[in-house]
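Asker: Mind folding the following:
(chains A, B, C and D)
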2 protein chains.
Amino acid sequence: MRLKALQYLTAVVDAGSFAKAAVMLEVNASTLTRCIDALEDELGLTLLERSHSGVRLTSGGTAVMVAVRRMLADLDAVAETARYKSAGNEGELKLGVRMPPIGDPLETLLAEWRGHHPKVSLTLYEMPDHDLYTAVENRRLDAALVAGYGAWPNVATEPLFCELLFAALPNGHPLCARESVDWNCLRRETILVQDWDGSHATREFYASLLGIGMPFQSHSASEQSVLALVGAGFGVTLVTHGRALADFPGVTFKPIREPNAQMRIELAWALESKDAVVGRFVSFMRDNTRLKRIP
Amino acid sequence: MRLKALQYLTAVVDAGSFAKAAVMLEVNASTLTRCIDALEDELGLTLLERSHSGVRLTSGGTAVMVAVRRMLADLDAVAETARYKSAGNEGELKLGVRMPPIGDPLETLLAEWRGHHPKVSLTLYEMPDHDLYTAVENRRLDAALVAGYGAWPNVATEPLFCELLFAALPNGHPLCARESVDWNCLRRETILVQDWDGSHATREFYASLLGIGMPFQSHSASEQSVLALVGAGFGVTLVTHGRALADFPGVTFKPIREPNAQMRIELAWALESKDAVVGRFVSFMRDNTRLKRIP
DNA sequence: CTTCATTACGACAAGCGTAAGTATG
DNA sequence: CATACTTACGCTTGTCGTAATGAAG
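Answerer: Numbers count the residues shown, from 1 in each chain, chains lettered A, B, ... in the order given. All right, here's what the predicted structure looks like:
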């Protein structure tokens, strides 16, 4: 069965004659005759009664037209769905974020994304960097914000911004007198680590910066609680720039004078992804972080 | 948009790869590639992610497939509707019957028709013969049972059966002594006529048999009432053979020995009607009255 | 090296428009 | 005779299969 035949049929029925429909459709009347003849032949049912003053539906044709109109409406729905989806207006996006929580730029970015694409359901998944990569590669995630460690197969990456790290010290701590700190002086301190789920991901990240064999203390608690512990003098911890901008009682934030005291946050997504929503997200992130990037 | 492309798409999605779908559909894989490429191009949306281990739907493709499957289901509904209708299983049939009521053969026939085609809604319209013809010609009726008077334009007719007419006489009437009556002896009687709506159709029919200028008495009452009047001695009337077979208190039925003491009942329908239901009805009536016909 | 998807190319068929035909009012 | 549907014919277009290409496990 040809789609065009069904469209021609409805036009002829609506116009009431082959000739009028031919004008509307800008085709020759003979085309309509042939198409509808073929359709009737295929269906084994006479749909139209031809006369010299137009056409009329048979009772069978009336019944068929009900189904045909519904079918054509669904056809429009197909095109409409495609148009809507191709604009990336709707869909779902599973976004992974690295465990050591990323701060301000991300929140702002996601808020703006949501403003532009309110119909896209965005789900966040927190996991260690390595898991993020494999999840993106396996397509359990559509995209992820990772620390840029290098190239992975089948995963495309794009640098977005850098998060500077700050040291969180108890007020009155000797280091508070200094303008900035470095890894060397922090190595003498007890480092408090937030570790919600025992994954040790944050701990390992800190170890990659400070070196192994440090006196880490993992706490299955919120960042707030960890900072409270810092304020109480239990040790020191590391926070992102965004977090350091806000005051916290009993805690002093100091910049770290080290080249690697930062997280290069990259966007990662599956190379083979042809999803319109993912494409939109990637280009959105690219465009909206251009100004915020720290070289 | 091509219907075949949508069918190919669902096959590929269901099979999970172009190659498997190609085997199922018994087409070449290149055909599928081309069709789906064209479809994606037309929709402006990538539906499938190709890999070397098959294909997967994009999120847009998933959404489109919902609409596509519904569309194809409706397409099946079109074909199914046509198949059902072409068998004449369903529909409506407006059947006109002549005013001087036709008796037994019709009732039996319609009962049988209903038994074979219970889904066809049959509506009866009683009107004078002339109106029946014009109604059929104008397509206000699909078919009609008429007295065969001759050919009408655009109306096909087919003789079905003959209804013999009987005279209904009061018990004890002199004519009751005879085996049969004829027009001549009836012309001396008052002829009671049932005339529901003042159309005088029955009256004119009787006049065509008995001749004009007869003492007719129209009664806007049921056949039962008219026969009661006959039993009370108000006059005589004519009934069909079927009616004469049943007793009526105070009334005697006598055959009429006249060649035209009958109604040749014909089936009439619009020549241009291409309706499957009408066609079924015509051939049904033709087939089921062959044995009952009186030559 | 096999499997799967894509691209190129040629044969074939299908669809369309022009124009002539038929029937009706 | 003007209108409206149908049929016949030739051309264009599109569609399909074969075969070659590319890419990945």
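
Asker: the strands in the stretch 101-250 of chain A, which residues?
Answerer: Secondary structure of the stretch 101-250 of chain A by DSSP state E, counting those that start in this stretch: the strands cover A:120-127, A:143-147, A:155-170, A:191-194, A:216-219, A:237-240.

Asker: quick check: mean pLDDT across stretch A:277-295?
Answerer: Mean pLDDT, stretch A:277-295: 79.

Asker: Tell me the buried residues in the longest helix anywhere in chain A?
Answerer: Longest helix in chain A, counting residues (DSSP state H): helix A:59-86. The neighbour-count criterion (16 or more other Cβ atoms under 10 Å in any protein chain shown) identifies A:59-65, A:67-72, A:74-75, A:77-78, A:81-82, A:84-86 as the buried residues of helix A:59-86. Just so you know, the C-beta spots here come from the backbone N, C-alpha and C atoms, and that holds for glycine as well.

Asker: Likewise for stretch A:38-54?
Answerer: Going by neighbour count (16+ other Cβ under 10 Å), the buried part of stretch A:38-54 is A:39-40, A:43, A:45-49.

Asker: For my notes, please list the residues you listed in TSV and give pLDDT and distance to residue A:105 for each entry.
Answerer: As requested, those are arranged in TSV below (pLDDT from 0 to 100; distance: Cβ to Cβ, whole Å):
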residue	pLDDT	distance to residue A:105
A:39	96	60
A:40	95	65
A:43	94	62
A:45	93	65
A:46	93	69
A:47	95	63
A:48	95	65
A:49	93	70
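
Asker: The residues you listed: which ones sit near chain B?
Answerer: Among those, the residues lying close to chain B (Cβ under 8 Å from any Cβ of the partner chain) are A:43, A:45-46, A:48-49.

Asker: Filter those residues down to just the ones in helices.
Answerer: Counting by DSSP H, the part of those found in helices is residue A:43.

Asker: Just the ones in strands from the ones next to chain B among the buried residues of stretch A:38-54, please.
Answerer: With DSSP state E as the criterion, strands contain A:48-49 from among those.

Asker: now, the most widely separated pair of the ones next to chain B among the buried residues of stretch A:38-54?
Answerer: A:43 and A:49 (15.2 Å; Cβ to Cβ).

Asker: so which of the strands of the stretch 101-250 of chain A comes closest to DNA strand C?
Answerer: Closest to DNA strand C of the strands of the stretch 101-250 of chain A is strand A:155-170 (Cβ to the nearest atom of the strand; 19.2 Å).

Asker: What residues sit buried inside that closest one?
Answerer: For strand A:155-170, a neighbour-count test (16+ other Cβ under 10 Å) marks A:155-157, A:160-163, A:165-170 as buried.

Asker: mind exporting it as PDB, just the C-alpha atoms?
Answerer: What follows is strand A:155-170 as a C-alpha-only set of coordinates in PDB (Å, rounded to 0.1, in the frame of the first residue of the first chain):
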ATOM      1  CA  VAL A 155      35.100   8.500  24.300                       C
ATOM      2  CA  ALA A 156      35.400  12.000  23.200                       C
ATOM      3  CA  THR A 157      36.500  14.700  25.600                       C
ATOM      4  CA  GLU A 158      36.400  18.400  25.600                       C
ATOM      5  CA  PRO A 159      38.000  20.600  28.300                       C
ATOM      6  CA  LEU A 160      35.500  22.900  30.000                       C
ATOM      7  CA  PHE A 161      37.000  24.700  32.900                       C
ATOM      8  CA  CYS A 162      39.400  24.400  35.800                       C
ATOM      9  CA  GLU A 163      38.400  24.200  39.400                       C
ATOM     10  CA  LEU A 164      41.100  25.700  41.700                       C
ATOM     11  CA  LEU A 165      41.600  23.900  44.900                       C
ATOM     12  CA  PHE A 166      41.800  25.700  48.300                       C
ATOM     13  CA  ALA A 167      42.900  24.400  51.600                       C
ATOM     14  CA  ALA A 168      40.400  24.700  54.500                       C
ATOM     15  CA  LEU A 169      42.200  25.300  57.800                       C
ATOM     16  CA  PRO A 170      40.900  25.800  61.300                       C
END
